[in-house]
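S.K.: no sequence on this one, just coordinates:
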């Protein structure tokens, strides 16, 4: 065999030269990560060594072409045999030596070169003889699986490129990869720049590729899209961007912020064009590993696909809650707070700066502003470079002046949005109800102007000017759920009173040392008592408006209070006339009811009835009274077997067990007491039963208690007015003349029945204690509360609910309230006003070497392409918390900042300072609750839309400026593109913009439901 036939490429050098060159390369070459080495069959290599060492070109040991046949399992797949051993089965030669051998000897036709990479394994470098063999398939066709080998140093992008070629994926398709291990769990391969080794891919695993659908969704997350059916979704075609967001439960704040950002053209186009894929930062310790950016991109692509009525942002909400725990759960939050987090998260996830360098900030030290500002912006961009910085970041100048040494510190700081204050009025308007001392006068609703930082005494003084009542004879109370939530002290701050509170101001009689302020509640008592249980309990429900009265301490007996309450309720309680009472019940009916009562298994015995009849004041009664047998009477002797309807215990409850004090929660659902302790417990009653529960004003045992048949009826829900009418009816029940003796004792007892009973209660309106016989009804150890309890039938007959609820409006209520309106420019001027730092946030003066309350002034230096203005409607101080409903008049076009910028046209290339409005986030409601919506202008057709969660309607420009505007988005005019589509016709503006199957008009902005 000639030399020419031995080498197909070039004539090799002499044998000694070959030996020397290859051995030198083998000896000097070191393993370096990423370098290529080649696998050569050991027998061929040993034969080559023997050939060159023989120094005989015609030696029989000539190796021939490089032949690795013995290393392959078969010659079809050219897969290496398993468990081959280096230096026994094969040799590894560096790339330079391989290329020389290949040039000198050539290679057997059809055999591939066995190139292998050097990989950096933990604590060692190693040639990767066996690469990772991975199975590949598409999500749309999981049955078509192929396999391919990849080096552990290859990036995931290499696998993605190979799969696109293998499966003929159309160019430009957006795809993502999933790694499926043997246990069938899947994990996203988010960062396509990481290596196979870092991605923990190993042989036998499967990589699945999915491509984004035309509607912006991914096949793997298709069920997260909401609407009637998949077919309806697929057939829907709407204006891209005109898409609602489903409220997941108090997530209107998130929906509002997302709609505003979605209609910010430069940011949306950045995501729609998939530019973010090349800039995802997976290593930024301040970022979210690209997950926030990807979740936001998914939302934007779905909303702008034009194929959805609304999108369910559940995955996005989960991601936000994962990285910002304050947004976990489904509580209401602030849309501006979410917006701040989202812009910062997107910036860090898309930051083009992978390794942030440390930069020491320098003070101006007298240098020109232009120089200091350019330096500050350069330093900012060296650490922060993203689409968020390009679009939303501006620069303002901060000037601090020490009050002692007058050191001036000037710095330039970047901003992402402007939080501008609203002018705060020093006065507030309050609406209160004035309750006159005249019992026949209706409450009067007044509108008064008081100092915002004033006290309750200022409210009384302002009301005194309207009513002529001295402020010293007024008490202010917050009424909630038919009870006093709080009775205010004159020195308390008005900031404790919210605009939503129901404030009543009560006129009182002149106080003296011997008088007490008595709080009076109205309650309706169920006539039913559970005879089958061991407790003698009645249910009571608060109703009507409570009252405050000045009562002399000596007039707190039951009889005196009964008369006083009766007089105070005169306006809406009808007094019964005697004829009506006499005809109220026939004796025969009582007999029937008596028989019915006797059939009760737990009826009260005669002894108990007699004992109860002895209860009550020992004061002598008129002829028709049902006095105790021991008391003098001109009437007939009581029956030896008295009618059960006349026995006190039947209609009263036992003394309350210790610890009975139900709170506000029970009042909200109706106050059902465990025990109604009577104000006059029966003396010596062995069973603890009290006759005072139905005790009349004359002190007799209630001979007209409802019979058990009637008492057994379930309690009836009645209105507050009916409850008060019954109470007043009982209170005003007159005693008959002493010479008037009825023909029948039962009828006489019926006429003597009281309209209501009196109970001592706690501030919640639940019964606490009884009243001693003939003694005081209240305790003076604290604020006394009493309740007057009505039977439902008495309340229904004698309590005029309509009259009790009536009130009149003072002339101050008729004067239209002037809605405060300020210009947006005024708010910006306030932002740039000099202010003194608060004690909680002092500045450290480098000259004085201590913290100082310096003066601070902010000035705008440069403005971004998209300017976000946050109106600080929520005001929080040490003493007050309020939402400002001031109307801020902001322009929709030509917002000019030229008067607010310090930098005045340094060069002709400077961008203009005029802006047009593109979106508004609205907040309706108060501090405790509310609802967020948004207005936004579509970038493609220029039409304004109103976004209210999943519903989208057309909006006109005159609807946009309201007192609900909270966050404003402005786009600089030089960057605004003209709409590419015509605006929709006005005839279609009467139906929801994102639903062609429904009709309806846009909701009134003022009547939004709260979440």
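M.R.: Sure thing, it's come through. Note that the structure is a prediction, hence the values are computed from the model and not measured.
S.K.: show me where pLDDT drops low in the stretch 351-500 of the chain?
M.R.: By pLDDT under 70, the stretch 351-500 of the chain has no low-scoring segment.
S.K.: Quick one: the helices in the stretch 1-150 of the chain, in order.
M.R.: 3-6, 15-28, 42-54, 95-105 (DSSP state H, counting those that start in this stretch).
S.K.: And for the most centrally placed residue in the chain, nearest residue in space, chain neighbours not counted?
M.R.: The centroid of the chain falls nearest to residue 332 when counting by Cα atoms, centre = their mean (1.1 Å). Take residue 332 and drop its neighbours on the chain: the residue closest to it by Cβ to Cβ, 6 or more residues apart in numbering is residue 250, 4.7 Å away. To be clear about C-beta, it is placed using only N, CA and C from the backbone, and glycine gets the same treatment.
S.K.: what sits against that neighbour?
M.R.: 330-333, 1011 (Cβ atoms under 8 Å, 6 or more residues apart in numbering).
S.K.: One more pass at 10 Å, please.
M.R.: 329-333, 929, 931-932, 1010-1011 (Cβ atoms under 10 Å, 6 or more residues apart in numbering).
S.K.: and what of residue 295?
M.R.: Here residue 295 is in contact with 288, 313, 315-320, 322, 345, 349 (Cβ under 10 Å, 6+ apart).
S.K.: quick one: which of the residues you listed has the most company?
M.R.: residue 349 (27 neighbours; other Cβ atoms under 10 Å).
S.K.: out of the contacts of residue 295, who's nearest residue 118?
M.R.: Each of these was checked against residue 118 using Cβ to Cβ; the closest is residue 349, at 33.0 Å.
S.K.: Quick check: phi and psi on the closest residue to that closest one other than its chain neighbours?
M.R.: Leaving aside its sequence neighbours, residue 349 sits nearest to residue 293 (Cβ to Cβ, 6+ apart; 3.9 Å). Note on residue 293: its backbone torsions stand at phi -60, psi -40 [degrees, to the nearest 10].
S.K.: Burial check on residue 293, number of neighbours?
M.R.: Neighbours around residue 293, by other Cβ under 10 Å: 26.
S.K.: And for residue 85?
M.R.: Around residue 85 there are 9 residues (other Cβ under 10 Å).
S.K.: and what of residue 205?
M.R.: Count around residue 205 with other Cβ under 10 Å applied: 16.
S.K.: ok, back up a step: from residue 393, how far out is the residue nearest to residue 349?
M.R.: 17 Å (Cβ to Cβ, to the nearest Å).
S.K.: How about residue 134?
M.R.: 42 Å.
S.K.: Ok, residue 808 next?
M.R.: Distance, residue 808 to residue 393, using Cβ to Cβ: 58 Å.
S.K.: And for residue 351?
M.R.: Residue 351 is 12 Å from residue 393, by Cβ to Cβ.
S.K.: Between these two, which contacts overlap?
M.R.: Residues touching both residue 351 and residue 393 by Cβ under 10 Å, 6+ apart: 384, 386.
S.K.: what does the model give the nearest residue to residue 213 once chain neighbours are set aside for pLDDT?
M.R.: Once flanking residues are discounted, residue 213 sits nearest to residue 219: 6.5 Å by Cβ to Cβ, 6+ apart. Per-residue pLDDT puts residue 219 at 83.
S.K.: Right, I'll leave it there.
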